[in-house]
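> Below: sequence and its predicted model.
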Amino acid sequence: MKSSLKLNGRSVVAGLAFVAITSVAFAATVADDVVGTLYGMRTAYRSSYAPAEWKKKISGYDLETEFAKAMAAVQANPQMTVADAQGVLKNFIYSMQDYHTSIQFALTARSTLAFSVKGAEGRYFIVHIDRTKLSEKAFPFHVGDELVRFDGKPVADAIAALQSEIPANVPQTDRAMAEQRLTKREAARGYAVPQGTVLIAVQPQGSNQARELQLLWEHTPESAANRTWSFERESESTLFHPVMDVKLGSTVAESPYDLGAKKTYTPDLGVKVWEAPKDNSFDAYIYKAPDRRLIGYVRIQGYIMPDYKKAVADFAAIVRQFEATTDAMVIDQVNNPGGSVFYLYSLVSMLSDHPMKTPRHRMSVDQVDVTDAVKFADKVRKVTNDDEAAAALGDEDLDGYTATYQVARFALNYAEFIKSEWSAGRKLTTPYWIAGVDQINPSPTHYTKPILILINNLDFSGGDFFPTIMQDNQRATIMGSRTAGAGGYVKDIKIPNSIGVASFRTTASIAERVSGQPIENLGVTPDVPYELTVGDLQSNYAPYVKAINANVLSLIK
C-alpha cells in the first residue's frame, strides 16, 4: 500500500510539473516562436543550401545578413501577430532570389475571380473566362478585351503591388507570376487574400471607352489552425530520387494559363490529321503546315505525372507515330513547373539517336545522404544483369527511366562518389552527374527529325533543364522567352513550430551546363526570341502560330 501511494505521489508531482512546463511553453509569444523557427531555418540553409556561393557572386546574397535583418524585424515588433511572423519568414526565404526556396503555410484561405489576365507590351488582356461562373449576361466581356483598372487603380500598378509582396528575382518571371496572382490568391503561399467586392474596368475590343463592373471574390475561408508541430525529413535521400520542381501555388491547373496545364494556350497550329486519344498522358496531334508538310505537336506539361510508366509508354507511342509520318516536331513546354529528373531523362532518351550530355551538379551532402549512399551501393553492387537491375532499381525509383545493368553501374559510381566526397571533408561536392548519368543513351524508340521547343518565363526547374539539355546537345531549336532559372534539385523540410509553417524548401544542388555556366538565375536563352504581343492576345495568337510554323518549317532540309 505504501509503495502504491508513493508511486501515485510521483505521478501527481510529474503531472503538475508537466502542466507547469506546458503552461510556460504556451505562454511564449509569437515573437519567441518566430525566433526559434528562424534559427531552425538558418541551420537548414547553412547545411544544405547549395547555391550560396553563386548567390553571393551574382546578387550579394548572404545568409547571415538576411538572418540578422529577420531578427531585427522581430525585435522591432515584440507584439507581432502570426501574420506578421509569417511575413518575416517569407521575406527571409525569398531574399535568396531562388524560385525553389519557397515556403508553405498551414493555411487554406483562398480567393479567386473566374477569369485570367496576361500582359503584353505594357497592357493587360483577358485571356480566359470560366463561363460556368461568369456568364455572358453577368460578365459581358470576352477574351481579348483589355483590363485597364483593377480595384481602383491601373492594372500595371496592381501587378506591381503584387510583385512587391516578395523580394524581386527575375523581373519577367516575377511579373508573369503576379499576372497569375491578380485573380488567384492563396494564403498558403504567404499572400494577402482579399474578400468582398472588387471594381474592374474593361475596354472591349473595337471600343474607345472602358466599362466598369463590380465582382465578388469567390472566397474560401480559413479552416486550418496555425500550429504545426511535425518534424520531417525525406525517408530517402534526394540524391537518389532527385526532384526539380517549384511550389508556387495550387497544383491543380484550372485554366490553360496555369502551371502544368495539360492543354496550354497555344491554339491548334494547323489542320489536324491525327490526334492522341483523350486518355493519353499528353495533348498531341499531327497537323498540316501551310506548305502541307506534316508536323507533330506534343505538349509536355510537367515532369511529375500520376503514372510514370503509362506516361513513358504514351510518349513512346507518340514518338513512333511522329517518326513514321512527320517531317518535324513542335514541343510545347511553356508554363512548366518541373518534376522528376529520371522521368525527364526518359523523355529526352526518345528525342535523339545519339547520347545526350547532361548538366553536372554540385550537391550539398550530409550524414543521412552518405548513409543512404552506403545502402544504395550495397544494393546495386550485387547487380549482374538487366533483370537484376530492374529488380534493384525499378520504376518506383526511376520514374519510368529504364533500369539496365549499365544504369546500375553508373549509379554505383555515383554512390561511391558521394562517399568519397564526404570522406574528403566536402559538404558541397565537386561537380558530378545525377545518378552518374553523364549522357542519356537513346531509347530504342526515338525521333530523328528536327525539333522546335516552345519555352517562356514560367518554365521552372525541370522546365529549365529540358531545354538546357536539348540546346546544349544542339538537338533542338528553342523559341520563346527566357526561362525562370531554377537550377538544381530540392529538399522539402519541416521543423516544429507554432506559427503555421507547414514546410519550406532548400535548393540542394547547383547545376552547370556543358559550358560550365550555371542555370540558376540565368535560365535558358532561346535561339529564336519571341515575346507575346497585343496582337497575340487579341487575335487568338495568330502571330505566334505564324512564327511557330515559319520557324519549324525552316528547320526542315
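Happy to help now that I have it. Computed from a predicted structure; not experimentally measured.
> Now residue 172. Nearest residue, chain neighbours left out?
Excluding the flanking residues, the one nearest residue 172 by CB to CB, 6 or more residues apart in numbering is residue 457, at 4.5 Å. Heads up, the C-betas are built off the backbone N, CA and C, glycines and all.
> Can you tell me, leaving aside adjacent residues, what's nearest to residue 370?
Once chain neighbours are set aside, the closest to residue 370 by CB to CB, 6+ apart is residue 422, at 4.6 Å.
> Which residue ranges of the stretch 101-250 of the chain form helices?
Taking DSSP state H, counting those that start in this stretch as the test, the helices found in the stretch 101-250 of the chain are 155-163, 171-181.
> Turn those helices into CSV, columns for mean pLDDT, mean neighbour count and distance to residue 473.
Written out in CSV, the entries for the helices of the stretch 101-250 of the chain read as follows (pLDDT from 0 to 100; neighbours: other CB atoms under 10 Å; distance: least, CB to CB, whole Å):
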stretch, mean pLDDT, mean neighbour count, distance to residue 473
helix 155-163, 96, 18, 35
helix 171-181, 95, 19, 25
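> could these be laid out in a markdown table, adding distance to residue 132?
Compiled in a markdown table, these are given as follows (distance: least, CB to CB, whole Å):
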| stretch | distance to residue 132 |
| --- | --- |
| helix 155-163 | 25 |
| helix 171-181 | 20 |
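> returning to what we had before: any figure for the gap between the residue nearest to residue 172 and residue 463?
Note on residue 457: its distance to residue 463, by CB to CB, to the nearest Å, is 10 Å.
> what's the overlap in contacts for these two?
Common contact partners of residue 457 and residue 463 (CB atoms under 8 Å, 6 or more residues apart in numbering): 483-484.
> Give me the neighbour count for residue 116.
Other residues lying near residue 116 total 24 when counted by other CB atoms under 10 Å.
> Distance of it relative to residue 429?
42 Å.
> can you give me the helices for the stretch 401-550 of the chain?
Ranges of helices in the stretch 401-550 of the chain, per DSSP H, counting those that start in this stretch, are 405-423, 462-472, 534-538, 542-554.
> Which residue of residue 457 and residue 463 possesses the greater neighbour count?
More crowded of residue 457 and residue 463, by other CB under 10 Å: residue 463, with 34 against 23.
> List the contacts of that one.
Contacts were defined as CB under 8 Å, 6+ apart; by that measure residue 463 touches 302-303, 333, 336-338, 455, 483-484, 486.
> how about low-confidence regions in the stretch 151-300 of the chain?
The stretch 151-300 of the chain contains residues with pLDDT under 70 at 224-237, 249-251.
> Do a quick rundown of the strands in it.
Using DSSP state E, counting those that start in this stretch, the strands found in the stretch 151-300 of the chain span residues 153-154, 184-186, 197-203, 211-216, 218-220, 243-245, 271-275, 284-288, 294-299.
> what distance separates the first one from the centre of its chain?
A distance of 30 Å separates the centroid of the chain from that of strand 153-154, by CA atoms, centre = their mean, to the nearest Å.
> got it, and the second one?
On the basis of CA atoms, centre = their mean, strand 184-186 is displaced by 17 Å from the centre of the chain it belongs to.
> Residues contacting it, please?
Counting contacts by CB under 8 Å, 6+ apart, the residues outside strand 184-186 that touch it are 109-113, 116, 191-194, 249-250, 254.
> which one is residue 213 nearest to, not counting chain neighbours?
Spatial nearest neighbour of residue 213, excluding adjacent residues (CB to CB, 6+ apart): residue 200 at 5.7 Å.
> Let me see the contact set for the one you found.
Neighbour list for residue 200: 147, 149-151, 212-215 [criterion: CB under 8 Å, 6+ apart].
> Give me the distance between the residue nearest the centre of the chain and residue 471.
Central residue check for the chain by CA atoms, centre = their mean: the C-alpha nearest the mean position is that of residue 246, 2.2 Å away. When CB to CB is the yardstick, residue 246 and residue 471 sit 21 Å from each other.
> can you check residue 135 too?
Remark: distance between residue 135 and residue 471 (CB to CB) = 45 Å.
> Among the two, which residue is more densely surrounded?
residue 471 (20 against 10).
> unless I'm mixing things up, residue 268 is touching residue 287, no?
Yes: counting by CB atoms under 8 Å, residue 268 sits close enough to residue 287 to count as a contact (6.8 Å).
> the more surrounded of the two?
Neighbour comparison, residue 268 and residue 287: the larger count goes to residue 287, with 20 against 12 (by other CB under 10 Å).
> With adjacent residues omitted, what lies nearest to the more buried one?
Skipping the residues right next to it in sequence, residue 287 comes nearest to residue 270 by CB to CB, 6+ apart, at 3.6 Å.
> Would you format the contacts of residue 463 as JSON lines with pLDDT and distance to residue 357 included?
Output for those, formatted as JSON lines (pLDDT from 0 to 100; distance: CB to CB, whole Å):
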{"residue": "302", "pLDDT": "96", "distance to residue 357": "23"}
{"residue": "303", "pLDDT": "96", "distance to residue 357": "19"}
{"residue": "333", "pLDDT": "98", "distance to residue 357": "19"}
{"residue": "336", "pLDDT": "97", "distance to residue 357": "21"}
{"residue": "337", "pLDDT": "96", "distance to residue 357": "24"}
{"residue": "338", "pLDDT": "96", "distance to residue 357": "20"}
{"residue": "455", "pLDDT": "98", "distance to residue 357": "19"}
{"residue": "483", "pLDDT": "98", "distance to residue 357": "19"}
{"residue": "484", "pLDDT": "97", "distance to residue 357": "22"}
{"residue": "486", "pLDDT": "97", "distance to residue 357": "20"}
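> Can you convert these into JSON lines and add a column each for distance to residue 97 and neighbour count?
Formatted as JSON lines, the entries for the contacts of residue 463 read as follows, by distance: CB to CB, whole Å; neighbours: other CB atoms under 10 Å:
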{"residue": "302", "distance to residue 97": "23", "neighbour count": "25"}
{"residue": "303", "distance to residue 97": "23", "neighbour count": "30"}
{"residue": "333", "distance to residue 97": "23", "neighbour count": "25"}
{"residue": "336", "distance to residue 97": "20", "neighbour count": "31"}
{"residue": "337", "distance to residue 97": "18", "neighbour count": "28"}
{"residue": "338", "distance to residue 97": "18", "neighbour count": "29"}
{"residue": "455", "distance to residue 97": "20", "neighbour count": "29"}
{"residue": "483", "distance to residue 97": "15", "neighbour count": "33"}
{"residue": "484", "distance to residue 97": "11", "neighbour count": "32"}
{"residue": "486", "distance to residue 97": "11", "neighbour count": "32"}
